[in-house]
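Q: structure for this input, please:
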Amino acid sequence: MIEITSATQEDLKFVQSIAKRTWPDTFGNILSPHQIDYMLSWMYSLENLSKQQNSGHQFFFAEEDGEKLGFTGIEVNQEPGKTKIHKIYILPTAQGKGIGKKLINKVKEVAKENHQISLLLNVNKYNKGAIDFYEYLGFKKIKEEVINIGKGYVMDDFVFELTL
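A: Okay, here's the model as predicted:
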């Protein structure tokens, strides 16, 4: 049985671990190994994860029998009335179990409790599996954006929104 639990500061090492185990599989055909390493070091350092949590980001895990199989990181009111899903990753070995949908449902629950009108997320333009998943859940593409992340790298993304 999959349970969704809130992450504590001590749990952030599991966020980092899942990201490091998931990204090569998710982005191996999209990004260079150097860009993956750079982004993981930048986005998933324990220092940055802690800063995010201390500034209002919430992290949730999907767990089965005490094993953390995936996570999401969100920010309520990232834009007024809109909750941003900054991160959502599921271990490759745990995909297909409905974990992504359960995590999205938790995000919807938190957003509605905070009187939000929609969910936002960015997805790499070439991540077809994720795009198909978000569209299946009812997210709509609202724009494209290219974000300079330094060292000559960019994030080339679609922005999706789901009205609640």
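Q: pLDDT of the strand ranked longest in the chain, averaged?
A: Among the segments of the chain that qualify as a strand by DSSP state E, the longest is strand 67-79. On average, the pLDDT along strand 67-79 is 97.
Q: sheet partners, orientation included, of it?
A: Within its sheet, strand 67-79 is paired with strand 58-64 (antiparallel), strand 82-90 (antiparallel), according to DSSP bridges.
Q: would CSV of these with distance to Gly28 and mean neighbour count be doable?
A: For every residue, glycine as well, the C-beta is placed using N, CA and C. Below are the strands paired with strand 67-79 laid out as CSV (distance: least, Cβ to Cβ, whole Å; neighbours: other Cβ atoms under 10 Å):
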stretch, distance to Gly28, mean neighbour count
strand 58-64, 22, 21
strand 82-90, 14, 22
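Q: next one: phi and psi at Val5?
A: For the record, residue 5 is Thr, not Val. Recorded main-chain torsions at Thr5 are phi -130, psi 150, according to degrees, to the nearest 10.
Q: surely it touches Gln58?
A: No: with contact defined as Cβ atoms under 8 Å, Thr5 does not reach Gln58; the gap is 11.5 Å.
Q: identify the residues contacting stretch 114-130?
A: Residues outside stretch 114-130 that contact it (Cβ atoms under 8 Å, 6 or more residues apart in numbering): 26-27, 30-31, 76-79, 81-86, 88, 104, 107-108, 111, 131, 134, 139, 144-145, 155-164.
Q: quick one: buried residues of it?
A: Judged by neighbour count using 16 or more other Cβ atoms under 10 Å, the buried positions of stretch 114-130 are Gln116, Ser118, Leu119, Leu120, Leu121, Asn122, Val123, Asn124, Lys125, Asn127, Ala130.
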